[in-house]
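Participant: coordinates for the following, if possible.
(one chain, ligands or ions: 1)
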Amino acid sequence: MSEPLVIVGNGMAAARLVDELTKLAQGRYAIAVVGDEPRLAYNRVLLSSVLSGATASHEIELKPASWWRDRGVTLKYGCLATEIDVGRRELRIANEENIAFSKLVIATGSMPLRLSVPGADLAGVHTFRDSRDVDLLLALAAQRKRVVVVGGGLLGLEAAYGLARGGASVTLVHLMDRLMERQLDLPAAELLKSLVERKGIRVLLNANTARLHGENRVEAIELSDGRRIDADAVIFAAGIRPNIALAKDAGIPVNRGIVVDDDLQTGAADIFALGECAEHRGTCYGMVEPAYEQARVLAQHLAGRAAVYNGSVVATNLKVSGVSVFSAGDFMGADGSETIVLNDARAGTYKKLVVSDGRLTGAVLVGDVGDALWYLELIRGRQPIARIRPDMMFGRSLAIRSEAA
Ligand SMILES: Cc1cc2nc3c(=O)[nH]c(=O)nc-3n(C[C@H](O)[C@H](O)[C@H](O)COP(=O)(O)OP(=O)(O)OC[C@H]3O[C@@H](n4cnc5c(N)ncnc54)[C@H](O)[C@@H]3O)c2cc1C
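Facilitator: Okay, the predicted model is just below:
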């Protein structure tokens, strides 16, 4: 008899886990996936592309219904899980009967943060996390509304770009002195800002949101320095918080995320967590690649094979507001490291490589990211780079050719 394995959350980590697990141990588990979004699992990363009009919403499904059916997976979408009964090994679902499990995987992702400022709960204040949000944002753009996006990280930039492309008049306000400060150093962020402004987006830095004004609907945003920006809508894109409530209420240990060990096991026997809701060695990842690496390890573990998750080297390799950006490793350059920089603002290109102990330890690229994956391999592989160092900045083909010469 197949063992009942229940996965809570039908997002990207869950879909990848089912994919990996059914390749390794088809039939070993009777898998059920419970997710509260009202559609099949989709590629959340491509929501930006849907918002910018490059991709249709129905094209971003990760797998068709037949794929899930062929693997014998019971899919319950549009279903909110409300409680884990650890003792009885049951998952409670709103308005449905409980599901019994022998093993449970929590893959509930994150929720967008709403700033706790006066007016944050007015109508017209939205977030950017799922496909329902995208439908709302597309409607705002089509009506050519004045929109303020709060947050100059990846999500804020993507929201601003999509809205502006669709016809909205967009102001992006960011608390820090530079965009994407978690991924970019100052010169890279300044270049990105100028490229984003060229797309018609107004960018305000050092801009602390103090309150939102409006009777019933939002009408304006006020910054702590007194500046006021009129707005028909405000989008909060100022960070995410792991969805830990189910675990916490069940008495499963949590910090910022649900604490897991190197097997992705939580503090409760036979209950695992992965993806954005999980915290491994003190880190909650907000990107999809670590979630996929965790899915691979957990699938092996569930299939009875030895596998350990040691954490991920996070890299950002994206098109942000139509501009290619890559960042990985120690991109700021820790004490004792050296940096090699090429900065051509007119051409819209910036490259910075960080070298420490004869190895590449970090990189930032804006504009030309053609060699990003090669740099990432060098960082992850910790290979000595003395022989390729003179030409490393100019890309893989030149560096390899000079190494061979
Ligand atoms: C617009 C956007 C652009 C992004 N771009 C990038 C990018 O370029 N690169 C990158 O690496 N990452 C990007 N990300 C982040 C990436 O999408 C996430 O890292 C990834 O989706 C995490 O997968 P997950 O399965 O942990 O969470 P999710 O994909 O969020 O899935 C979690 C699912 O669980 C459901 N759920 C939560 N609680 C319950 C409950 N109680 N009961 C039932 N279901 C529940 C949620 O509704 C959701 O469907 C982007 C995210 C967004 C929003």
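
Participant: which ones are touching whatever residue of the stretch 251-400 of the chain ends up closest to the ligand?
Facilitator: Closest to the ligand within the stretch 251-400 of the chain is G275: 2.3 Å, counting by CB to the nearest ligand atom. Placement of C-beta: from N, CA and C, glycine included. Residues near G275 by CB atoms under 8 Å, 6 or more residues apart in numbering: 9, 11-14, 107-109, 291, 294-295.

Participant: quick one: average pLDDT of the host helix or strand of L192?
Facilitator: Here L192, judged by DSSP states H and E, is contained in helix 186-197. Per-residue pLDDT over helix 186-197 has a mean of 92.

Participant: so what's K145 up against?
Facilitator: Shown in contact with K145 (CB under 8 Å, 6+ apart): 168-169, 232-233.

Participant: how about the most centrally placed residue in the chain: what's its closest non-neighbour residue?
Facilitator: Nearest residue to the geometric centre of the chain (CA atoms, centre = their mean): M287, 3.6 Å. Distances taken as CB to CB, 6 or more residues apart in numbering put V314 closest to M287, at 6.0 Å, once the chain neighbours are dropped.

Participant: got the end-to-end distance for stretch 207-225?
Facilitator: 8 Å (CA to CA, to the nearest Å).

Participant: swap in stretch 95-102?
Facilitator: Stretch 95-102 stretches 22 Å from its first residue to its last (CA to CA).

Participant: could you confirm whether it reaches the ligand?
Facilitator: No - Stretch 95-102 does not reach the ligand (CB under 6 Å from any ligand atom); its nearest approach is 11.2 Å.

Participant: check which residues of that stretch are buried.
Facilitator: By neighbour count on 16 or more other CB atoms under 10 Å, the buried set for stretch 95-102 is 99, 101.

Participant: any weak-confidence spans in the chain?
Facilitator: 321, 402-405 (pLDDT under 70).

Participant: how far away is whatever residue of it ends up closest to the ligand from Y292?
Facilitator: Closest to the ligand within the chain is G11: 1.7 Å, counting by CB to the nearest ligand atom. Separation of G11 from Y292 (CB to CB, to the nearest Å): 12 Å.

Participant: and the stretch 1-150 of the chain, which of its residues are near the ligand?
Facilitator: Contacts of the stretch 1-150 of the chain with the ligand, taken as CB under 6 Å from any ligand atom, map to 8-14, 34-37, 44-45, 47-48, 80-81, 107-109, 128-129.

Participant: which of the residues you listed fall in strands?
Facilitator: 8, 34-35, 81 (DSSP state E).

Participant: ok, the residues you listed vs D263, which is closest?
Facilitator: Set against D263, the nearest of those by CB to CB is V8 (18.2 Å).
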